[in-house]
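Chemist: sequence plus the predicted model coming up.
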Amino acid sequence: MPPKNLLGFGKMSDQKNNPAKQALPQNAISPRRAEDFPEWFQQVIKAADMAENSEVRGCMVIKPWGYGVWEQIQSQMDKLFKKTGHKNAYFPLLIPVSYMEREASHVDGFATECAVVTHHRLEAVKQPDGSVKMKPAGELAEPYIIRPTSETIIGAAFARWVSSYRDLPLLINQWCNVMRWEMRPRLFLRTAEFLWQEGHTAHETSDEAVKETLLMLDVYESFMRDQLALPVIKGEKTESERFPGALSTYCVETMVQDRKAIQAGTSHFLGQNFAKACGIQFQGRSGSQEHAWTTSWGVSTRMIGTMIMTHADDDGMIMPPRIAPTHVVIVPITPKEDTRDAVLAMAQDFAKRLGERSFAGRQIEVEVDARDKNGGEKSWEWIKKGVPVRIEIGPRDMQEGKVALARRDRAHKQKDFLLVEEALEKLPSILQEIQDSLLARAREHQNAHMKKIDSLEEFKKFFTPTNEDKPEIHGGFALCHWAGSKDDEAKIKADLKVTIRCVPFADSFKESGTCFVSGKPSKQRVIFAKSY
RNA sequence: CGGCGCGUGGCGCAGCCUGGUAGCGCACUUGCUUGGGGUGCAAGGGGUCGUGGGUUCAAAUCCCGCCGCGCCGACCA
């Protein structure tokens, strides 16, 4: 290779020829959504500094900006759970293997993804090369599994706590981590260990338990819609997609930007299956021994992945204001030494006053980014993180008593110059506007890609990409009449990777027609889609 | 568990074919410069080349074993 200098390529021209640098003005995330959606998703998480893969297979490190979102979800949802009469408790991480055996379909459902604890200590073993290896020792009489879900161990506790109909209903929630040994992990969407809440309730009657199941589904729906700006669709799962051990499984499904479906939350009516398996019995009003009717319901860190896939764009994350860990970031512009202190003081003062105001029941969270970094670099960082509002305060603004305000749901260069008082006054409503615009945008996308389909031919066409090797974004929600069998469902899944996401509740899906596979009469349309 | 690919400073990679004691970009540190949109310049710091063995005067490079990871399938919230 000839020396670079002879060709006139100094370091400077190297910099200019760097494709990464040249790409900068266009957009922050590479590849773009349209080019490679899964890779884009990974890159957004990285650019937004929300999480990273850890050295433990399938387990992620959730970084402060990502965990901050989880903290918001937790604290806000927890209030909703309390409001509906639930109390928090905590149960063991480890579950005796025998507990899992108590409910037949439950074991089947989870057996293949259990982490098993078999020993309770380590012994140092000297290796021939002088190093020391720790070997498991002290084998347990009965192995434990790390909870993949807690129906059985909470059921065992319920069995102790319930003896009379007067002890019911029992309304418990647990915030915790669970582990499911997934073969193919994906940050936030499917990790081997994930954070969630699991509600477990026991009731005197079937009716009451079903009501509880649907009530919590409603809580999920409104929370996701109002706080996460996710337009979810409520419905019931078909038998093949049902939770192992449940009589019926309800869900909230949403469509993300590559038009695939994500189940964002579930609520199960467990009938008396787990009550019988765990011995949750009580003496009823008439004096007879009866089994309780139980429910369970949960949402996880997957919701964060769903939000990213729904709201983020080619410049990174866009946080819905109601869930954003920080609502507003202030970037002081300090070009000159002699005005620096005054600008910083104004920024701090503005932040303090803004922080005294509230938005959607929270104090407005403001951060002043006074780091000694280039202003443009800082702005881009916050764009990628998706903070809803960026405010710049520089010497010029200071003189005019104004601030420059930019919204993450608009073009980056679009800035409104507002008087300080005006900005303080308007910010809560601006945040709500952003919240509304995100939901509206997501809704529009979802509606645009829902299609009534009545023939198998059209169905296949809808779910087949033009380019088989590198499938482009295609498909969506196919709304179809369905009266087919379990086998028909399995065949569609095998052929096209498409499944029934849910049988929706909404009236708009209820109309009579003919099943596009079996030709049998059907009373309503269901949603078919590819899913995560 | 099957198919493919990859392990070289924190990250992304080149070097390997044809052996000769390690290089690039980003990030980091320091100084100057710049600052209303990813500033520029200069000087620095940092590497058991996944691991064990073999061949050789000499191994990141060649040979054999092992380990780990990623992607694609089956499974799944």
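Modeler: Sure thing, it's come through. None of these values were measured; they are calculated from a predicted model.
Chemist: for A:S286, helix, strand, or coil?
Modeler: coil (DSSP: H, G, I helix; E, B strand; the rest coil).
Chemist: could you report the neighbour count for it?
Modeler: As a burial measure, A:S286 scores 7 neighbours (other CB atoms under 10 Å). From N, CA and C alone the C-beta is placed, and that goes for glycine too.
Chemist: per-residue confidence at it?
Modeler: We note a pLDDT of 96 for A:S286 in this prediction.
Chemist: ok, now the one 3 residues further on?
Modeler: With respect to pLDDT, A:Q289 scores 97.
Chemist: what residues does the stretch 51-200 of chain A put near RNA strand B?
Modeler: Contact residues, the stretch 51-200 of chain A versus RNA strand B (CB under 7 Å from any atom of the strand): A:53, A:57-58, A:109, A:112-113, A:180, A:182-186, A:189-192, A:194.
Chemist: mind doing that once more with 6 Å?
Modeler: For the stretch 51-200 of chain A, the residues in contact with RNA strand B (CB under 6 Å from any atom of the strand) are A:53, A:57, A:112, A:180, A:182-184, A:190-191, A:194.
Chemist: just the buried ones among those, please.
Modeler: Among those, those scoring as buried are A:53, A:180, A:190-191, A:194 (criterion: 16 or more other CB atoms under 10 Å).
Chemist: which two from these end up farthest apart in space?
Modeler: A:N53 and A:R180 (16.9 Å; CB to CB).
Chemist: how close does A:A47 sit to RNA strand B?
Modeler: 7 Å (CB to the nearest atom of the strand, to the nearest Å).
Chemist: now do A:E208
Modeler: Relative to RNA strand B, and taking CB to the nearest atom of the strand, A:E208 is found at 25 Å.
Chemist: ok, now A:Y220?
Modeler: To RNA strand B, A:Y220 is 12 Å away according to CB to the nearest atom of the strand.
Chemist: centre of the chain to stretch A:267-276, how far?
Modeler: 26 Å (CA atoms, centre = their mean, to the nearest Å).
Chemist: ok, and what's touching that stretch?
Modeler: A:103, A:106, A:151-152, A:155, A:158, A:202, A:206, A:209-210, A:213-214, A:216-217, A:220, A:243, A:245-251, A:280-281, A:291-297 (CB atoms under 8 Å, 6 or more residues apart in numbering).
Chemist: buried among those? Make that a PyMOL selection.
Modeler: Applied in PyMOL, the following selects the buried portion of those according to 16+ other CB under 10 Å:
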select buried, chain A and resi 103+106+151+152+155+158+202+209+210+213+214+216+217+220+243+245+246+247+248+249+250+251+280+281+291+292+293+294+295+296+297
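Chemist: next step: the contacts of stretch A:267-276 restricted to helices.
Modeler: Using DSSP state H, the subset of those located in helices is A:106, A:151-152, A:155, A:158, A:206, A:209-210, A:213-214, A:216-217, A:220.
Chemist: tell me which of the residues you listed is nearest to A:L94?
Modeler: Closest to A:L94 out of the ones in helices among the contacts of stretch A:267-276 is A:T152 (11.8 Å), distances taken as CB to CB.
Chemist: hmm, A:V107 and the closest one touching each other?
Modeler: No. Between A:T152 and A:V107 no contact is recorded; they are 9.6 Å apart, counting by CB atoms under 8 Å.
Chemist: pull up the overlap in contacts between these two.
Modeler: A:M100.
Chemist: what is the mean pLDDT for the longest helix seen in chain A?
Modeler: Longest helix of chain A, by residue count under DSSP H: helix A:420-448. Here helix A:420-448 scores 98 as its mean pLDDT.
Chemist: ok, which stretches of the stretch 51-200 of chain A are strands?
Modeler: A:51-53, A:60-62, A:87-88, A:94-96, A:116-126, A:132-146, A:170-179, A:193-203 (DSSP state E, counting those that start in this stretch).
Chemist: got CSV for those strands, with distance to A:K523 too?
Modeler: As requested, the strands of the stretch 51-200 of chain A are arranged in CSV below (distance: least, CB to CB, whole Å):
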stretch, distance to A:K523
strand A:51-53, 43
strand A:60-62, 43
strand A:87-88, 40
strand A:94-96, 41
strand A:116-126, 45
strand A:132-146, 41
strand A:170-179, 34
strand A:193-203, 29
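Chemist: pull the most distant pair out of the residues of the stretch 51-200 of chain A next to RNA strand B.
Modeler: Using CB to CB for every pair in these, the one that comes out farthest apart is A:N53 and A:T112, at 22.7 Å.
Chemist: spell out which residues of the stretch 401-532 of chain A are next to RNA strand B.
Modeler: Near RNA strand B, when you scan the stretch 401-532 of chain A using CB under 6 Å from any atom of the strand, you find A:404, A:406, A:412-413, A:415.
Chemist: need the pLDDT of A:P3.
Modeler: Reported pLDDT for A:P3: 27.
Chemist: same check, this time on A:G109
Modeler: 84.
Chemist: from A:A141, how far out is the most centrally placed residue in chain A?
Modeler: Nearest to the geometric centre of chain A sits A:M303, at 1.2 Å (CA atoms, centre = their mean). A:M303 sits 39 Å away from A:A141, going by CB to CB, to the nearest Å.
Chemist: and if you look at A:G58?
Modeler: Distance of A:G58 to A:A141, computed by CB to CB: 29 Å.
Chemist: those two: which has the busier surroundings?
Modeler: Neighbour count, other CB under 10 Å: between A:G58 and A:A141, A:G58 has more, with 19 against 4.
Chemist: contacts only, for that one.
Modeler: Going by CB under 8 Å, 6+ apart, A:G58 touches A:181-182, A:185, A:191-193.
Chemist: excluding sequence neighbours, find me the nearest residue to it.
Modeler: Leaving aside its sequence neighbours, A:G58 sits nearest to A:A192 (CB to CB, 6 or more residues apart in numbering; 3.1 Å).
Chemist: for chain A, give me the ranges with low pLDDT.
Modeler: Residues of chain A meeting the criterion pLDDT under 70: A:1-25, A:127-132.
Chemist: please parse it into its domains.
Modeler: Chain A breaks down by automatic domain parsing into domains covering A:62-122+A:134-310, A:326-430, A:450-529.
Chemist: most tightly packed of these?
Modeler: domain A:62-122+A:134-310 (a mean of 19; mean count of other CB atoms under 10 Å).
Chemist: and the end-to-end length of that one?
Modeler: Its first and final residues considered, domain A:62-122+A:134-310 spans 19 Å by CA to CA, to the nearest Å.
Chemist: ok now it, how far from the chain's centre?
Modeler: Relative to its chain's centre, domain A:62-122+A:134-310 lies at 15 Å (CA atoms, centre = their mean).
Chemist: no more questions from me, cheers.
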